[in-house]
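K.L.:
got a predicted model here, sequence first, then my questions.
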Amino acid sequence: MASRKRRLDKSASGEMPANIGKTPESPLPRIRDTPEGAIIAVKAQPGSRKNEFRGVRDGHLVVAVTAIAESGKANDAIIRFLADKLDIAKSRIQVIAGATSTRKSILLSRVKSAGLHELLPCLAETRGDQG
């Protein structure tokens, strides 16, 4: 089969536009409501210098933690960090998918996505804490 090549238009200067093939990044992570609470997509970065939010990448809230990815230490650190920043009890936060992956689904029990959408941009600007 012959492959068909798609011709991309060049700007007047002959340069390719910078945004070709890129989708605009949403400032908010994927969050969905369930009867139990909100599920948020998280990208973990264990072994970092400090605990902090590092923005949103590919629909995931990027959370850096100092704990290493061993025996659930990073997951526990993410839960503690989110509990502190979102001001909810640790017992209401649970990793429901991706326990051994850097990409996780985290359930925030009895939380609605509308409240998180308002809160997360403010938290991402403050970055994090030492620790």
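P.N.:
Yep, that arrived.
K.L.:
low-scoring stretches of this structure, by residue?
P.N.:
Low-confidence segments of the chain (pLDDT under 70): 1-26, 121-131.
K.L.:
need the residue closest to the centroid of it.
P.N.:
What sits nearest the mean C-alpha location of the chain, by C-alpha atoms, centre = their mean, is Leu61, with 1.4 Å.
K.L.:
so what's that residue up against?
P.N.:
Pro29, Ile40, Ala41, Val42, Lys43, Phe53, Leu120, Ala124 (C-beta atoms under 8 Å, 6 or more residues apart in numbering). For every residue, glycine as well, the C-beta is placed using N, CA and C.
K.L.:
closest to Lys104 among those?
P.N.:
Val42 (4.6 Å; C-beta to C-beta).
K.L.:
burial of that closest one, as a residue count?
P.N.:
22 (other C-beta atoms under 10 Å).
K.L.:
partners of it in the sheet?
P.N.:
Leu61, Lys104 (DSSP bridges).
K.L.:
so what touches whatever helix or strand Ala74 lives in?
P.N.:
According to DSSP states H and E, Ala74 maps onto helix 73-86. Helix 73-86 is contacted from outside by 42, 44, 46-47, 51, 53, 63, 65-68, 88-90, 92-95, 99, 104, 106, 108, 111, 116, 119, 123, 128-129, using C-beta under 8 Å, 6+ apart.
K.L.:
how about the strands in this protein?
P.N.:
In the chain, the strands defined using DSSP state E lie at 31-33, 37-45, 51-57, 60-64, 93-97, 103-109, 128-129.
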